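**Q** Give me coordinates for this.
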Amino acid sequence: MQLDILTPEHKVYSGTVYGVQLPGIEGYFEILENHAPIIATLGKGKMKILKDKNTTERYEISGGFVEVLNNKASVLIESAVAID
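**A** Now for the predicted structure:
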């Protein structure tokens, strides 16, 4: 799945991933390859990029939106800070 993560200032991430875990406004959810089309509002929390089944990247985000269409996820967020 193609994942693009953007803030108003810069591109946080762009690449092929296994999936992504996101903080929705009503709780966390996960988007994997071939997910059905969706648009969702994101809240403040931790986002985990699943590069493959063993490699991840984590960010603290402060809200935004995600759109999934044709095996591509576009995450538009206010800010993102890398965490360990």
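**Q** now the strands for this protein?
**A** Secondary structure of the chain (DSSP state E): strands at 2-6, 11-16, 19-24, 27-32, 38-50, 56-69, 72-77, 80-83.
**Q** could I get those strands as CSV with mean pLDDT and mean neighbour count?
**A** For glycine as for every other residue, the C-beta is placed from the backbone atoms N, C-alpha and C. CSV is the format used below for the strands of the chain (pLDDT from 0 to 100; neighbours: other C-beta atoms under 10 Å):
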stretch, mean pLDDT, mean neighbour count
strand 2-6, 98, 18
strand 11-16, 96, 14
strand 19-24, 97, 20
strand 27-32, 97, 14
strand 38-50, 97, 16
strand 56-69, 96, 17
strand 72-77, 98, 18
strand 80-83, 95, 13
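**Q** correct me, but residue 63 touches residue 75?
**A** No - Residue 63 is not in contact with residue 75 according to C-beta atoms under 8 Å; the separation is 11.1 Å.
**Q** Mutual contacts of the two, please.
**A** Counting by C-beta atoms under 8 Å, 6 or more residues apart in numbering, the shared contacts of residue 63 and residue 75 are residue 42.
**Q** so what's residue 71 up against?
**A** 1-2, 33-35.
**Q** Now with 6 Å, please.
**A** 1, 34 (C-beta atoms under 6 Å, 6 or more residues apart in numbering).
**Q** With residue 30 instead?
**A** Residue 30 neighbours (C-beta under 6 Å, 6+ apart): 19, 21.
**Q** How about residue 7?
**A** 77, 79-80.
**Q** Show me which of the residues you listed is closest to residue 15.
**A** Closest approach between the contacts of residue 7 and residue 15, by C-beta to C-beta: residue 80, at 14.9 Å.
**Q** Residue 83 pairs with what?
**A** On the basis of DSSP bridges, residue 83 is bridged to residue 58.
**Q** And residue 65, by the same measure?
**A** According to DSSP bridges, beta-bridge pairing links residue 65 with residue 41, residue 76.
**Q** Surely it touches residue 76?
**A** Yes - between residue 65 and residue 76 there is a contact under C-beta atoms under 6 Å: 5.1 Å.
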